[in-house]
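Enquirer: next input, structure requested:
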Amino acid sequence: MATIGVTRGLGDHDLKVHDSNIYIKPFLSSAPEVRIYDLSKYDHGADDVLILATDGLWDVLSNEEVAEAITQFLPNCDPDDPHRYTLAAQDLVMRARGVLKDRGWRISNDRLGSGDDISVYVIPLIHGNKLS
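Expert: Numbers count the residues shown, from 1 in each chain. Coordinates of the predicted model:
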């Protein structure tokens with residue numbers, strides 16, 4: 001809604017959308033979604049990753065689109081390249097931003113690209129193998 005910064009968002013209970021009477025509170029929660037994944041229960045390969053990203057990615061790409069992009073990208077990288085996960089994150093950022101066309105930033109199927117900040121971390125799970 002182009003009104004609130006994440007760092008200020010958790011305490012602004014009475015904040016309204018700019019130039020309106022719409023309260024932000026129904027759209028903003030300080031309660032995180034938490035999921036537990038026991039790394040030691042599984043044997044992970046070099047292409048098994050966790051994607052941690054801001055809404056700039058998730059607002060324009062589905063879980064399936066992100067999974068497909070990573071599944072296509074990582075096998076084309078040298079498994080010993082220490083930058084492969086950084087390159088994969090950069091690829092996701094570029095997919096979410098899209099390309100500049102006459103009608104603005106566009107991603108696949110001529111959908112709008114993200115106009116939001118986009119932060120993406122591609123976290124390899126293979127290091128969890130050492131936990132067991």
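Enquirer: and the strands in the chain?
Expert: Under the criterion DSSP state E, the chain contains strands at 49-53, 99-101, 104-106, 120-124.
Enquirer: now do the second one: which elements does it pack against?
Expert: Contact partners of strand 99-101 among helices and strands, from 3 or more CB pairs under 8 Å, 6 or more residues apart in numbering; DSSP states H and E: strand 104-106. Using the backbone N, CA and C atoms, a C-beta is placed for each residue, glycine as well.
Enquirer: what's the mean pLDDT across the strand it packs on?
Expert: Average pLDDT, strand 104-106: 88.
Enquirer: packing partners of it?
Expert: Packed next to strand 104-106, using 3+ CB pairs under 8 Å, 6+ apart, are strand 99-101.
Enquirer: what's the separation between V34 and K41?
Expert: 18 Å (CB to CB, to the nearest Å).
Enquirer: show me which of those two is the more surrounded one.
Expert: Higher neighbour count among V34 and K41: K41, with 9 against 5, using other CB atoms under 10 Å.
Enquirer: how near is that one to N63?
Expert: Counting by CB to CB, the gap from K41 to N63 is 22 Å.
Enquirer: equivalent analysis for D47, please.
Expert: Separation of D47 from N63 (CB to CB): 17 Å.
Enquirer: which one's more surrounded, the two?
Expert: Neighbour count, other CB under 10 Å: between D47 and N63, D47 has more, with 17 against 9.
Enquirer: let me see the contact set for that one.
Expert: Contact analysis of D47 by CB atoms under 8 Å, 6 or more residues apart in numbering lists I70, T71, L74, P75.
Enquirer: between those, which is nearest R103?
Expert: Nearest to R103 out of these is I70 (CB to CB; 28.3 Å).
Enquirer: give me the helix or strand of the chain that scores worst on average pLDDT.
Expert: helix 6-9 (a mean of 50; mean pLDDT, DSSP states H and E).
Enquirer: how close does the residue nearest the centre of the chain get to A88?
Expert: For the chain, A53 is the residue whose C-alpha lies nearest the centre (CA atoms, centre = their mean; 2.6 Å). According to CB to CB, A53 stands 12 Å off from A88.
Enquirer: now A96
Expert: In this view, A96 and A88 are 13 Å apart by CB to CB.
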